[in-house]
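Engineer: sequence and predicted structure, then a few things I'm wondering about:
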Number of protein chains: 2
Amino acid sequence: MSSRLTEALTVVSQAVNSELDRLLPVSESPDSRVHEAMRYSTLDGGKRLRPFLVMQSASLFNVAESAAIRVACAIEMIHCYSLVHDDLPCMDDDDLRRGRPTCHKAFDEATALLAGDALLTKAFEVLVNPATHADPAVRCELVADLAHASGGQGMVGGQMIDLQAHTLDLDVAGITRLQQLKTGRLFSFSCEAGAVLGKAHGELRLALRNYAHDLGLAFQIADDILDVEGDVAEVGKRLNKDADAGKATFVSLLGLERAKSQADMLAEQACRHLDPFGEKADLMRDVARFVVRRRS
Amino acid sequence: MSSRLTEALTVVSQAVNSELDRLLPVSESPDSRVHEAMRYSTLDGGKRLRPFLVMQSASLFNVAESAAIRVACAIEMIHCYSLVHDDLPCMDDDDLRRGRPTCHKAFDEATALLAGDALLTKAFEVLVNPATHADPAVRCELVADLAHASGGQGMVGGQMIDLQAHTLDLDVAGITRLQQLKTGRLFSFSCEAGAVLGKAHGELRLALRNYAHDLGLAFQIADDILDVEGDVAEVGKRLNKDADAGKATFVSLLGLERAKSQADMLAEQACRHLDPFGEKADLMRDVARFVVRRRS
């Protein structure tokens, strides 16, 4: 990872942690257990890639950081809720996440279920608050976009296909669609959020959408490669899950070498979509190159 | 139940069913499984009390039915998602809901989990759509109110307390707080939604809030009574759950007779809050009297 990207990711990660800490509820009464589980599942961990993309895309349109950070937290809440629910025994049944016990291991299944529900709900509450943007029409657009990206026709729809993937005999087009729903949509939301906050439409927004498309796919291919080549201590979660479950992946379909060159090609293509932004988008280019080289 | 209430509930119930059918996704691809589970859990069933309250409160402010019905569907989606998640093995572990197999019995646990997540998300997508209200500020207010009512400091917070209730030795004040969070907040949202749509603030909105407060409590006390006195075939779900789980209820704390008179008193008090609306609120008064007399 380029040292300027490392530095910038650290800065965003710290800002997101402190804003999440401020936004998430605390209480003294018995409902505090769900609030603790929400904090456990969101604070201290993760690369904060989606929040970083929100902050970077917002900076392209000179959006105030205090607004962008709220959108960054909202998308991270959605991402984290999906991980908490995905780790439950009835889904992936994972014990380890970001190198720590998963939420239902640290608490219990019911608390994890509720913490996920509460994080999902909180994301919309954060977006719709006037502190996110003075214009309610912009807040409505953010809520609509995030709901569409994460719901039954977005991320959750992708999770549904994923659950059935071992029976579906998916080809590259099928896996691509699955991944575009499951992870691509949230990347797109993150990359376009800056344009929404900056009320930019047309060509510049389309450029970000195209960047997000290629980035998301490159990210997922790299994930499949990591699943085969990664080190469990570095990655911080169970590996070889898909192969063990008999699911097709980009690696199983393309082979390791072609998967790698495909990921590299997509990363370069993602960078080129950012041409209209010039140097201002250099960190987003760094992200594209980083996701295909990461070890975790 | 008064025959005019029966009739009015039937009309709303049909309208809500057909609007839900229109709003919920359908697809041909493998994600259709989660869409089917969303439909299974929301269509054909339930008294639609919360939607009815939305429609009635909206009629007090001459809000267009086409707008109110969308809010009615959104609140029903939230209510149904909470039932789907509540019925899961790690929560209440129920096999029967509205006289049919619960969602995870009809499908499977993972699909039920995702269907709940997707319904929750869809509720916000419906609220924030311009078809709900021309003014984005009103849509933002609806999203903020529903998120607050249903999230970790509302309904989900109440569910969290409920999960621990058998260890908490709650008194009447504790049970009241639990129920106000778990069921009261959604009733309040439903009753105030009309005022939000009609941009009414001040005294009239307060009157609806007070009505909702007493109605919600009366509803819950009646629920505890049904849990003891009800017939499983009529009620359509497992009974005696709270007593079996060693949880305090209004009935266990007050005794059956005092619980009944308390519920009646609250229903009458709820009706009186509606005085400012005159005869226009008669159906809402009927609802208050119905909830304490219902057999299911």
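Structural biologist: On my side now, so go ahead.
Engineer: quick one: what helix or strand has the nearest residue to A:M77 once chain neighbours are set aside in it?
Structural biologist: Spatial nearest neighbour of A:M77, excluding adjacent residues (CB to CB, 6 or more residues apart in numbering or on different chains): A:A123 at 4.1 Å. C-beta here means a position set from N, CA and C on the backbone, and glycine is covered the same way. Element membership of A:A123, judged by DSSP states H and E, is helix A:109-128.
Engineer: quick check: phi and psi at A:L96.
Structural biologist: phi -130, psi 130 (degrees, to the nearest 10).
Engineer: hmm, I was thinking of A:D95
Structural biologist: A:D95 adopts backbone torsions of phi -100, psi -20, taken as degrees, to the nearest 10.
Engineer: swap in A:D31?
Structural biologist: Torsion angles, degrees, to the nearest 10, at A:D31: phi -70, psi -10.
Engineer: spit out the contact partners of the residue nearest to it when sequence neighbours are not counted.
Structural biologist: Closest residue in space to A:D31, ignoring its immediate chain neighbours: B:G157 at 3.7 Å, by CB to CB, 6+ apart. Applying CB atoms under 8 Å, 6 or more residues apart in numbering or on different chains to B:G157 gives the contacts A:S27, A:D31, A:V34, A:H35, A:A118, B:G151, B:L181.
Engineer: what's the neighbour count on the closest residue to A:G198 other than its chain neighbours?
Structural biologist: For A:G198, the nearest residue in space outside its immediate sequence neighbours is A:F61; the separation is 2.7 Å by CB to CB, 6+ apart. Counted with other CB atoms under 10 Å in any protein chain shown, residues neighbouring A:F61 total 20.
Engineer: what's around A:S27, how many residues?
Structural biologist: Using other CB under 10 Å, A:S27 has 15 neighbouring residues.
Engineer: can you tell me the SS state at it?
Structural biologist: State at A:S27, reduced to three classes by DSSP: H, G, I helix; E, B strand; the rest coil: coil.
Engineer: for the residue lying closest to A:D21 once chain neighbours are set aside, give me the pLDDT.
Structural biologist: For A:D21, ignoring the flanking residues on the chain, the nearest one in space by CB to CB, 6+ apart is A:L43 at 6.3 Å. pLDDT for A:L43: 93.
Engineer: same check on the one 4 residues further on?
Structural biologist: Predicted confidence (pLDDT) at A:K47: the value is 87.
Engineer: so it makes contact with A:T6?
Structural biologist: No - contact status for A:K47 versus A:T6: not in contact, 10.7 Å apart, counting by CB atoms under 8 Å.
Engineer: these two: who's more crowded?
Structural biologist: A:K47 (17 against 12).
Engineer: can you pull the contacts of the residue nearest to A:D21?
Structural biologist: By CB under 8 Å, 6+ apart, the residues touching A:L43 are A:N17, A:L20, A:D21, A:L24.
Engineer: ok, A:H148 next?
Structural biologist: With CB under 8 Å, 6+ apart, A:H148 has these contacts: A:G154, A:R185, B:E125.
Engineer: hmm, back to that, of the contacts of B:G157, buried ones?
Structural biologist: Among the contacts of B:G157, those classed as buried by 16 or more other CB atoms under 10 Å in any protein chain shown are A:D31, A:V34, A:H35, A:A118, B:G151, B:L181.
Engineer: check the gap between A:R33 and A:K199 for me.
Structural biologist: Using CB to CB, to the nearest Å, one gets 41 Å for the distance from A:R33 to A:K199.
Engineer: more crowded one of the two?
Structural biologist: Set A:R33 next to A:K199 and count neighbours by other CB under 10 Å: A:R33 wins out with 21 against 14.
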